[in-house]
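Visitor: could you work out the structure for the sequence below:
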Amino acid sequence: MHYQFPIIETIDDVLPHIEGRDEFIVAEREGYTVINYVVAMADTFDMTGPDDLGGAMRRECRGLIFDADGNLMSRPFHKFFNVNERKETQTHEIDMSQPHVIMEKMDGSMIRPLLVDGYLRLATKMGVTNVAMDAEAWLAKHTHTEHLKQWLRWCMDIDVTPIFEWVSPFNQIVIAYEEADLVLLACRDNETGEYHMPDTCPFNTVTTYGSMDGNIIEYIDRQRGKEGREGDIIRFADGHMLKVKNDWYVRIHKTVDRIVFDRNIVNLIINEEIDDVMPMLPVVQANRVRNFEIRFWKAFKVKEDQLLADRDIARQLYDDDRKRIALGFIPTLERKEDAQFIFRMLDGSNVRDLLLDHVRKNIFTNVKWDACAEWMGM
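Guide: Sure thing, here's the model as predicted:
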């Protein structure tokens with residue numbers, strides 16, 4: 001777990017170590033380039049030992065940002081892991097006698113400052129995004145905005161990346177924060193990767209709890225049983241870290257993951273699992289799911305009524321003559337895919353069952369569901 005953070009000066013220091021690895025993305029943005037991993041494969045972050053430069057460098061690719069000339073301009077957190085997640089983070093491998101501090105694990109979005117064409121911007125792992133712009137809006141309205149911006153510029157002038165957690169009632173993951181805030185988690189030397197906390201800082205800083213005395217297994221058992229918080233970060237003096245998430249947070253986060261995509265919500269709706277999930281969701285996500293459920297059934301009913309009406313018109317005009325319906329009525333339909341439903345309804349199938357079956361077949365990919373939702377008029 002403990003190794004020397006690699007020196008990074010330019011993008012050329014990094015690129016050879018991710019060459020041929022599709023799990024990493026090199027994204028060109030206006031005025032800067034981002035290197036980030038998009039998926040973790042079985043060996044993405046493996047290291048053969050503390051001197052494995054390639055493995056150490058890949059662990060740095062969590063939103064590295066380089067300027068237009070390829071010089072490193074922002075270095076957020078390296079990749080670190082949960083206790084017992086990997087061989088190197090098993091409890092018997094962790095030496096808690098080494099100097100360390102325990103910090104609150106906050107439940108928001110990582111934010112750091114950038115200078116883009118001379119302008120101060122805030123960025124997530126992928127650069128200036130919608131979430132980052134929400135944080136920018138908060139910063140612009142802050143009572144001491146100029147003082148805060150001056151401090152951010154000073155950090156960048158000395159080649160240091162201040163790393164924040166952006167928390168907001170409107171950016172809720174699991175934990176509900178009453179007020180928006182940029183909370184300083186750490187500062188990191190861009191070249192060496194060394195971590196430190198400044199002696200003075202105009203921003204609020206992460207809550208710390210001192211160090212651990214006693215048995216780490218007993219400590220983890222106590223922390224995992226707590227509710228209303230995500231967990232802890234254990235940061236050692238050399239900058240390496242461990243995550244300890246409590247069971248309450250993990251359980252709820254898995255539930256939240258089930259509703260990331262609309263098609264997942266549809267799956268819960270048609271399998272009548274919504275009521276089982278709702279008590280596990282934070283208020284913001286629960287409201288989103290309920291509103292989506294209302295829209296889904298409204299669109300479903302409209303589509304159901306439309307198909308029934310089309311079937312009745314076909315019968316009235318052509319007396320159930322399939323050939324005449326195919327030649328005379330089907331060409332008049334706004335959506336030709338409706339034809340299969342009309343013919344099956346004429347054969348006695350229930351329109352609701354047909355619709356539910358069609359939806360089930362189209363919720364396995366976002367592309368298929370998007371097409372199905374558009375067909376339903378959602």
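Visitor: what about the strands in the stretch 1-150 of the chain?
Guide: Secondary structure of the stretch 1-150 of the chain, counting by DSSP state E, counting those that start in this stretch: strands at 24-29, 32-37, 62-67, 72-74, 81-82, 100-105, 109-116, 119-123.
Visitor: of these, which is nearest residue 340?
Guide: Among the strands of the stretch 1-150 of the chain, the nearest to residue 340 by C-beta to C-beta is strand 24-29 (40.2 Å). (C-beta placed from N, C-alpha, C; glycine too.)
Visitor: distance-wise, check residue 104 relative to residue 112.
Guide: 19 Å (C-beta to C-beta, to the nearest Å).
Visitor: more neighbours, the two?
Guide: Between residue 104 and residue 112, counted using other C-beta atoms under 10 Å, the more crowded position is residue 112 (27 against 17).
Visitor: can you flag the weakest of the strands of the stretch 1-150 of the chain by average pLDDT?
Guide: Lowest mean pLDDT of the strands of the stretch 1-150 of the chain: strand 81-82, a mean of 90.
Visitor: roughly how far out does that strand sit from the chain middle?
Guide: 17 Å (C-alpha atoms, centre = their mean, to the nearest Å).
Visitor: give the buried residues for stretch 149-167.
Guide: 149, 151-152, 155-156, 160-167 (16 or more other C-beta atoms under 10 Å).
Visitor: so for that stretch, mean pLDDT?
Guide: Here the average pLDDT along stretch 149-167 is 97.
Visitor: how long is it from one end to the other?
Guide: 18 Å (C-alpha to C-alpha, to the nearest Å).
Visitor: the longest helix in this protein is where?
Guide: helix 283-318 (DSSP state H).
Visitor: for that one, packing partners?
Guide: In terms of contacts (3 or more C-beta pairs under 8 Å, 6 or more residues apart in numbering; DSSP states H and E), helix 283-318 is packed against helix 262-270, helix 274-277, helix 339-346, helix 351-360, helix 366-376.
Visitor: against which helices or strands is the longest one packed?
Guide: Going back to what we said before, that points to helix 366-376. Under the contact definition 3+ C-beta pairs under 8 Å, 6+ apart, helix 366-376 sits against helix 262-270, helix 283-318.
Visitor: in TSV: those, plus mean pLDDT.
Guide: TSV is the format used below for the helices and strands packed on helix 366-376 (pLDDT from 0 to 100):
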stretch	mean pLDDT
helix 262-270	88
helix 283-318	89
